[in-house]
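Student: coordinates only, sequence not included:
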């Protein structure tokens, strides 16, 4: 369901903020290098370990909230694209 990229990164970071923590703090607590985590969410690192980390980050942020936020964000992008094509 999730396509790594800037949208996913921003949704995950925003979800952490909405729960009262930060992406950096969560990564530190989870023992994950923040730069590596940022790269896998943005799609820079796409290997099998990266996919596992994406899942871990999404679950850490709150899968249900990330899913809803990501879906809304993708719908907005689709509407912009469809409007530009009309």
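Tutor: Now that the structure is in, tell me what you want to look at. Because the structure is a prediction, the values reported are computed rather than measured.

Student: List the contacts of residue 38.
Tutor: 9, 23 (C-beta atoms under 8 Å, 6 or more residues apart in numbering). From N, CA and C alone the C-beta is placed, and that goes for glycine too.

Student: rerun that using 10 Å as the cut-off
Tutor: By C-beta atoms under 10 Å, 6 or more residues apart in numbering, the contact list for residue 38 reads 9, 12-13, 23-24, 27, 44-45, 57.

Student: what's the average pLDDT for stretch 17-31?
Tutor: For stretch 17-31, the mean pLDDT works out to 97.

Student: Could you tell me how far that stretch lies from the centre of the chain?
Tutor: Stretch 17-31 has its C-alpha centroid displaced from the chain centroid by 13 Å (C-alpha atoms, centre = their mean, to the nearest Å).

Student: Now do the buried residues in it.
Tutor: With burial defined by 16 or more other C-beta atoms under 10 Å, the residues of stretch 17-31 counted as buried are 23, 26-27.

Student: for stretch 38-50, same thing?
Tutor: Buried, per 16+ other C-beta under 10 Å, within stretch 38-50: 38-41, 45, 50.

Student: Make CSV from the contacts of residue 38 and add distance to residue 33 to it.
Tutor: Converted to CSV, the contacts of residue 38 look like this (distance: C-beta to C-beta, whole Å):
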residue, distance to residue 33
9, 15
12, 15
13, 16
23, 12
24, 11
27, 7
44, 13
45, 11
57, 12
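
Student: ok, so of the buried residues of stretch 38-50, who is nearest residue 78?
Tutor: Comparing those against residue 78 with C-beta to C-beta places residue 41 closest, at 20.7 Å.

Student: Let's have the buried residues of stretch 38-50 in JSON lines, adding pLDDT and secondary structure.
Tutor: Below are the buried residues of stretch 38-50 laid out as JSON lines (pLDDT from 0 to 100; DSSP: H, G, I helix; E, B strand; the rest coil):
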{"residue": "38", "pLDDT": "97", "secondary structure": "helix"}
{"residue": "39", "pLDDT": "96", "secondary structure": "helix"}
{"residue": "40", "pLDDT": "96", "secondary structure": "helix"}
{"residue": "41", "pLDDT": "97", "secondary structure": "helix"}
{"residue": "45", "pLDDT": "86", "secondary structure": "coil"}
{"residue": "50", "pLDDT": "87", "secondary structure": "helix"}
